[in-house]
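**Q** Task: produce atomic coordinates for the following.
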Amino acid sequence: MKIKTNSKIKIYLGLVLLISLTAITVTQGIAQLVTVQKPLQCGDTKTVFESLTNGEYKEKPIWWGIDLDIPVSRYSLFVNDKTKTWTLIQFDEKIACVLGVGEASTRIFDGPAI
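**A** Numbers count the residues shown, from 1 in each chain. Alright, predicted model coming up:
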C-alpha cells in the first residue's frame, strides 16, 4: 500500500504536535515548591496540649508523625469528633506551634484506632 506524500506530511505533523503537547503538559504538571513565612502561635508544649484537650475545643490527638530530618520534632492532629474542629501542631519537648486550625473535619479512614 502506497501512502501519498500529503498523507505522510500530515502524519508527521500530527506526531510532532502530539509530542509537543505531551511535553508541555508534563512540564506544566511539575509544580515548583516555594518557601513562605507564616506567623505561628506557639507555647509551652504541656500548656498547648492541655489547652487543646481540656480547653474550649476538647480535641483529642488522632494522628502522630515524626520529622525524619529533625527526630525531636513531631506533628499531631487533634480533632473533636462531635464539633468537627481540628488543630494541627508541630512540637518537641519544650515548645508546640499551631500550624493550622479549622472546622468540618471528616475522617476518610475508619481503620483501627491508634
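**Q** C-alpha only now, for contacts and for neighbours.
**A** Noted.
**Q** Can you show me the helices along this structure?
**A** Secondary structure of the chain by DSSP state H: the helices cover 5-29, 45-54.
**Q** Out of those helices, point me to the one whose mean pLDDT is lowest.
**A** Here the helices of the chain differ in mean pLDDT, and the lowest is helix 5-29 at a mean of 55.
**Q** OK, contacts around the closest residue to residue 93 other than its chain neighbours?
**A** Leaving out its chain neighbours, the residue that sits closest to residue 93 by CA to CA, 6 or more residues apart in numbering is residue 45, at 6.5 Å. With contact taken as CA atoms under 8 Å, 6 or more residues apart in numbering, residue 45 is in contact with 91, 92, 93, 94, 95, 96.
**Q** Could you give the number of residues near the third one?
**A** Just to be clear, that refers to residue 93. 11 (other CA atoms under 10 Å).
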